[in-house]
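Trainee: Requesting a structural model of the entry that follows:
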Amino acid sequence: MDIADILSSDPEIVSGAVVFKGTRVPVDALFEYLAKGSSLEEFLDDFPTVERRLAKAALRLASEDLKGFFGKQAA
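Mentor: As a prediction, the model looks like this:
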């Protein structure tokens, strides 16, 4: 799944924040929920417009990005 299939940004939607595609829910909300100890289930319950597959894909993208960052650091 490509990042454009998961996330979008438009100056007319939530002031250009990166949101889950097809929603007005900022991706930052997912990370804030997880950081405060909430579960993915709680996030999805509170933001029903976000599909589980999109939330999981965003987490995978973040994980891959971190792995790539630290992989470059070691080189």
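Trainee: Who are the packing partners of the helix ranked longest in the chain?
Mentor: The single longest helix within the chain, with elements called by DSSP state H, is helix 52-74. With contacts taken as 3 or more CB pairs under 8 Å, 6 or more residues apart in numbering; DSSP states H and E, helix 52-74 sits against helix 3-6, strand 19-20, helix 27-35, helix 40-46. Yep, even glycine has a C-beta here, placed from its N, CA and C like the rest.
Trainee: Would you tell me which of these gets closest to residue 70?
Mentor: The closest of these to residue 70 is helix 27-35. By CB to CB, the value is 18.0 Å.
Trainee: what pLDDT, on average, does the closest one get?
Mentor: Averaging pLDDT along helix 27-35 gives 98.
Trainee: Quick one: distance of it to the chain centre.
Mentor: Distance of helix 27-35 from its chain centroid, counting by CA atoms, centre = their mean, to the nearest Å, is 8 Å.
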